[in-house]
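>>> okay, here's the prediction I keep looking at, along with the sequence it came from:
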Protein chains: 2
Amino acid sequence: MFLGEYEYKIDDKGRVPVPPKFRRELREGLVLALGPETCIVAYGLAEWKKMAETLTTGSLAPSKLRRLGRATFATAYSLNLDGQGRVALPITLREYARIEDELVVVGANTCFEMWNKELWVAERAAALEQAWQIIEGLERR
Amino acid sequence: MFLGEYEYKIDDKGRVPVPPKFRRELREGLVLALGPETCIVAYGLAEWKKMAETLTTGSLAPSKLRRLGRATFATAYSLNLDGQGRVALPITLREYARIEDELVVVGANTCFEMWNKELWVAERAAALEQAWQIIEGLERR
DNA sequence: GTATTCATATTCACCGAGGAACATTTACTC
DNA sequence: GAGTAAATGTTCCTCGGTGAATATGAATAC
């Protein structure tokens, strides 16, 4: 269960600390993938395998399924934490998420995300805004 | 589990390095076959046997099955990694996939693919494009 | 039948990059 | 203020990619 926001710097070798509370769940390794927004998504190994399973057993046409698989698996990386609880971000993912030197690690329950700080601030505001609207909508019933 | 993209050169003997993280799963050997697109597909031996099993136990008419078998098995090659973790690409497969000197090795979860670099760049873009569309489709519900 | 050449396959050697460990400093807690 | 834990910085060394060299075998010529 990944919760909370954590701000970190990237060192010159491209390594990022993983929040200490997240580390236990990542003992077996983690998978970094392209996020649906401009961010990196990180899964614990077990969670990722579940994901992959559901994806490949979907009811898509084979050719579409192959392409979806390529988009998913070719852009993902299986990694491990180092002794200090850091993970090295592949350059391709960094560029995709526009992460330079500062980033925010964001819990998302079953996975967590890594954001460029400015982008995250905007996304966070938008997300909260939308959340309040949804709650209001529920209360109006 | 094969993930990620890796770029390599082919040496003058037609050998390609296999990504180190892939090698463990290929100890027993690997099978190279024609890809569904313009690429080479590589399976670990165990995975290939599973594939072949499902193919031959399908509910096709015997004559069609024979031809499918020919197409599949005649064009496939069972190979081993050399001491340095390289594999020698058969010329027929190289020509089929239009691989000259640069190529990209691409993880596809249960197997991996080898692409001509330019072709892969295009395919990658198309695959991502399609993936975003699928996700959008899901979100519109 | 022997020798030579070509082709293929296997092994060796170098250099650079990546990974793992070590070390330091900062922040927080008791 | 001391102790602990985490963030940050650095070094070292192994591993892997690339090019070259050596062996093995087949084919042809003499």
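Good, I have the coordinates.
>>> name the helix or strand for the residue positioned nearest the centre of chain A, please.
The centroid of chain A falls nearest to residue A:41 when counting by C-alpha atoms, centre = their mean (1.5 Å). Using DSSP states H and E, residue A:41 sits within strand A:40-44.
>>> contact partners of that strand?
If you take C-beta atoms under 8 Å, 6 or more residues apart in numbering or on different chains as the criterion, strand A:40-44 is touched by A:25-26, A:28-35, A:51, A:87, A:89, A:93-94, A:96-97, A:99, A:108, A:110-114. For glycine as for every other residue, the C-beta is placed from the backbone atoms N, C-alpha and C.
>>> can you list the strands that it pairs with?
With DSSP bridges as the test, strand A:40-44 is paired with strand A:30-34 (antiparallel), strand A:111-116 (antiparallel).
>>> thinking again about what came up before, let me know the pLDDT of the closest residue to the residue nearest to the centre of chain A other than its chain neighbours.
In this structure, residue A:41 finds its nearest non-sequential neighbour in residue A:35, 4.5 Å apart by C-beta to C-beta, 6 or more residues apart in numbering or on different chains. Residue A:35 carries a pLDDT value of 94.
>>> number of residues surrounding residue A:94?
By other C-beta atoms under 10 Å in any protein chain shown, 18 other residues sit near residue A:94.
>>> got the residues of chain A near DNA strand D?
A:6, A:8, A:9, A:11, A:12, A:13, A:17, A:19, A:20, A:84, A:85, A:86 (C-beta under 7 Å from any atom of the strand).
>>> please repeat the previous calculation with a cut-off of 10 Å.
A:6-13, A:15-23, A:82-86, A:101-103, A:105 (C-beta under 10 Å from any atom of the strand).
>>> looking at these, which are in helices?
Taking DSSP state H as the definition of helices, those contribute A:20, A:21, A:22, A:23.
>>> of these, list those near chain B.
Subset of those in contact with chain B: empty, counting by C-beta under 8 Å from any C-beta of the partner chain.
>>> nearest to DNA strand D among those?
In terms of C-beta to the nearest atom of the strand, no member of those lies closer to DNA strand D than residue A:20, at 3.8 Å.
>>> count the neighbours of the closest one for me.
Look at residue A:20: counted by other C-beta under 10 Å, it has 9 neighbours.
>>> tell me which element residue A:54 falls in.
Secondary-structure assignment from DSSP H and E places residue A:54 in helix A:45-56.
>>> how about the next helix or strand after that helix and DNA strand C, touching?
Beyond helix A:45-56 in the direction of the C-terminus, DSSP H and E gives the next helix or strand as helix A:62-73. No: judged by C-beta under 10 Å from any atom of the strand, helix A:62-73 and DNA strand C are separated, with a smallest distance of 17.7 Å.
>>> from the middle of its chain, how far away would helix A:62-73 be?
Relative to its parent chain, helix A:62-73 has a centroid offset of 20 Å by C-alpha atoms, centre = their mean, to the nearest Å.
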